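S.K.: just to be clear, the model below is a prediction. Sequence and coordinates:
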Amino acid sequence: MKTILVTGATAGFGEATARLFAQNDWNIIITGRRKERLEKLESELKSTYNVDVLSLCFDVRNLEEVKQAIASLSGNWKNIDVLVNNAGLAAGRGPIQEGVYDDWERMIDTNIKGLIYMIREVTPLMMERNQGHIINVASLAGWEAYGGGNIYCGTKHAVRAISRSARVDLLPHHIKVSVISPGAAETEFSLVRYNGDAERAKAVYEGFQPLNAEDIANSIYFMATQPAHVNIEEIFILPTAQATATTVFKD
Ligand code: NDP
Ligand code: 8X3
C-alpha cells in the first residue's frame, strides 16, 4: 500500500484529497492546525476505508514543529510516496499601498516558507528510497498578477518557480515534482481571505459554477497515479466559466 502526506487536510482541497486517496486504498498522513477536525477526519477515514491514517497537528510556519512532526514518523510511515503541499491561504485583497503586514507575513510564511520546510524535511526520506513525488499547490495567481493580489500572487509565483528548480535538483533521486494551479474553487478559501465575512466570500462564487474541492482532488490523484516514467509537470485547472483571474462569465 502506498502512503500520501497531505498538508492542510482539515478543509477544502486537502480534505477532499485525503478522502479520495483513502477511498483508493492509500495510507494517509493528514496535517493541519485544527486538532478536532483532524481527529474527526481520521476516525471517519479509518471506519469507512480499510486504510491506516495518521494525524499530525502542527503549523507549517513553525520550522521546529515541522521538523518534530516529520522526525516523529516511525516504521512504514516514513515511506512517504507522495507529499502534497497544499496548506495555504490568501489574506485580504487590497492595493499594496494599503497592505496589512500581518496578512503579508501569514501568506509568505505559510505559502512559501511552510512549503519549503516540508520539502526540506520530507525529501531525505524519499531520497533514502530513491523515489517519491512532491505535488505543490500553486494557483492561477501563480500565472497571473491581478490587482489586489500582489503578495498572494507573489507567493504562488514563488511556488511555481521553486517547484521548477526543485525538479532539477531532485532529478538524480528519481523524485517527481508537480504543480497544480487551480482557478476559482469554492472551499473555505474566500472565508479565510475575507476574514470570516461569509457574505463577501459567498459573493465570489455567485452567478457561475466554480471548481469544487473534489475537482482538485481528482487532478491530484491523476498526477499521483501515473507510471514511474511519467511526470505531469503541471495541471492548470479553471472553471469553464473562468478565462482569467478577473474574467468570469456570470449568467
Ligand atoms: P481552505 O481554507 O479550505 O483550506 C486550507 C487548508 O490549509 C486548511 O486545512 C488549513 O488548516 C491549512 N492551513 C492554513 N494555514 C496553515 C498553517 N499555517 N499550518 C498548517 N495548515 C494550514 O482552502 P483551499 O482548500 O481552497 O486551499 C488549499 C490551497 O489551495 C491553498 O494553498 C490555496 O492557496 C490554494 N488555492 C486555492 C484556490 C481556491 O480558489 N480555493 C485556488 C487556487 C489555489 P488549519 O486551518 O486547520 O491549519
Ligand atoms: C485562488 C485563485 O484567482 O483568487 O488561488 O487567486 S485566485
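M.R.: Arrived safely, thanks for sending. Ligands and ions are numbered 1, 2, ... in the order given.
S.K.: looking at the stretch 51-200 of the chain, which residue is nearest ligand 1?
M.R.: With Cβ to the nearest ligand atom as the measure, G88 is the residue of the stretch 51-200 of the chain nearest to ligand 1, at 2.2 Å. For the C-beta atoms, the positions are set from N, CA and C on the backbone; glycine is no exception.
S.K.: and the longest helix for the chain?
M.R.: Looking across the chain with DSSP state H, the single longest helix is helix 150-170.
S.K.: what's in contact with it?
M.R.: Under the criterion Cβ atoms under 8 Å, 6 or more residues apart in numbering, residues 85, 88, 90-91, 93, 95-96, 99, 103-104, 107-108, 111-112, 115-116, 119, 123, 134, 136-139, 141-146, 176-179, 181, 231, 233-234 lie in contact with helix 150-170.
S.K.: close to ligand 1, is it?
M.R.: No - applying Cβ under 6 Å from any ligand atom, one finds helix 150-170 separated from ligand 1 by no less than 6.8 Å.
S.K.: that helix: what's the following helix or strand?
M.R.: Note on helix 150-170: by DSSP states H and E, the next helix or strand toward the C-terminus is strand 175-182.
S.K.: which elements pack onto that next one?
M.R.: helix 115-129, strand 132-137, helix 150-170, helix 213-224, strand 234-237 (3 or more Cβ pairs under 8 Å, 6 or more residues apart in numbering; DSSP states H and E).
S.K.: ligand 1 contacts on the protein?
M.R.: Counting by Cβ under 6 Å from any ligand atom, the positions of the chain adjacent to ligand 1 are 7-14, 32-34, 59-61, 86-89, 110, 114, 137, 139, 182, 184-185, 187-189, 192.
S.K.: now, these that are in strands?
M.R.: 32, 137, 182 (DSSP state E).
S.K.: is P239 within a helix or a strand, and which one?
M.R.: Secondary structure assignment for P239, by DSSP H and E: no helix or strand.
S.K.: just give me the neighbour total for it.
M.R.: 20 (other Cβ atoms under 10 Å).
S.K.: next, the contact list for it, please.
M.R.: Here P239 is in contact with 183-185, 208-211, 248 (Cβ under 8 Å, 6+ apart).
S.K.: cool, and F236?
M.R.: With Cβ under 8 Å, 6+ apart, F236 has these contacts: 140, 143, 181.
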